[in-house]
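> Sequence first, then the predicted structure, then my questions.
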Amino acid sequence: MIAGHFGFAAAVKSRAPDTPLWALMLATVWLDVVFIPLFVVGVEKTERAGDARSGYGASIIHADWTHSLVGMALLSALLGWLASLPWGRRPGLVVGLVAASHWVLDLVVHRADLPILPGNAGGLPLLGLGVWRHPQAAMAIELALVLAGAWLYWRAASRVVATAGRGGRAAAVAAVLIAAFGVLVLALDVTAA
Ligand SMILES: [Zn+2]
C-alpha cells in the first residue's frame with residue numbers, strides 16, 4: 001500500500017491545517033522511508049507470497065524492525081518529536097499519529113508478517129489481516145482512501161480560501177492534483193510486475 005497512505009495524509013490535513021501537508025505526506029510513509037536503507041543493506045527483506053495471483057500486494061515483507069509494533073511506536077514518536085521542535089506540540093502529536101497510522105493501514109493489507117517486538121524477538125505471533133490476498137479489495141480500499149482524502153482536503157481548503165475572501169480555484173486544483181497523484185501511484189503499484 002502506497003497510495004492509500006497518501007490519501008489518509010490528505011484527509012488528516014483537512015483536520016490539521018496548521019501542520020504542513022508535506023510533513024503529513026512524509027509521516028504517512030515514514031516507516032517505509034526508514035525501511036529503504038535497511039532493505040538496501042539486507043537487514044529487512046521482501047519475498048513473493050506463494051498465493052499471490054498478481055504483482056500488486058504479492059509481497060511478504062520481513063520489515064522486522066521498522067514494521068514491528070514496538071519499532072513503529074518508537075519511530076513514530078521520534079518523528080513526532082522532531083516535528084514538535086519547529087511547529088509545537090499539536091502538530092508534533094499529529095505527525096506522530098499519522099506515522100503510526102501507516103502501521104494500522106499496513107496491518108489491514110499485509111499477510112501476517114508484522115512482528116510485535118523489534119527483530120521479531122521472542123518469535124511472538126506475526127500480525128496482518130491479509131487483504132492483499134484479495135487484490136481487488138485492497139485496491140478498492142486504497143482508491144477509497146485517495147478519493148476521500150482528496151475530497152476532505154478540497155472541502156477544508158475551499159473553506160479556508162473562502163474565509164480569506166479568495167476564489168476556490170486553488171483549492172480545487174490542489175484537490176484534483178492529490179486525487180490524480182494518488183490514482184497514478186496506485187496504477188503504478190497495481191501494474192508493477
Ligand atoms: Zn509499510
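The structure has been received and is ready for your questions.
> Give me the residue ranges of the chain where confidence is low.
Within the chain, the stretches falling below the threshold (pLDDT under 70) are 193.
> The ion contacts on that one?
The interface of the chain toward the ion, taken as CB under 5 Å from the ion, is made up of 32, 106. C-betas here are computed from N, CA, C, even on glycine.
> quick one, helices of the chain?
Listed in chain order, the helices of the chain (DSSP state H) span 3-15, 21-28, 30-40, 69-87, 89-109, 135-163, 169-191.
> So the residue of the chain most remote from its centre versus residue 89, what's the distance?
Distance from the centre of the chain peaks at residue 165, with 33.4 Å (CA atoms, centre = their mean). Distance, residue 165 to residue 89, by CB to CB, to the nearest Å: 31 Å.
> before we move on, back to that, quick one: the residue farthest from the centre of the chain from residue 154, how far?
Residue 165 sits 18 Å away from residue 154, going by CB to CB.
> just the helices of the chain: most buried one?
Comparing the helices of the chain by mean neighbour count (mean count of other CB atoms under 10 Å), helix 3-15 ranks first with a mean of 24.
> how far out from the middle of the chain is it?
Here helix 3-15 shows a centroid-to-chain-centroid distance of 8 Å under the convention CA atoms, centre = their mean, to the nearest Å.
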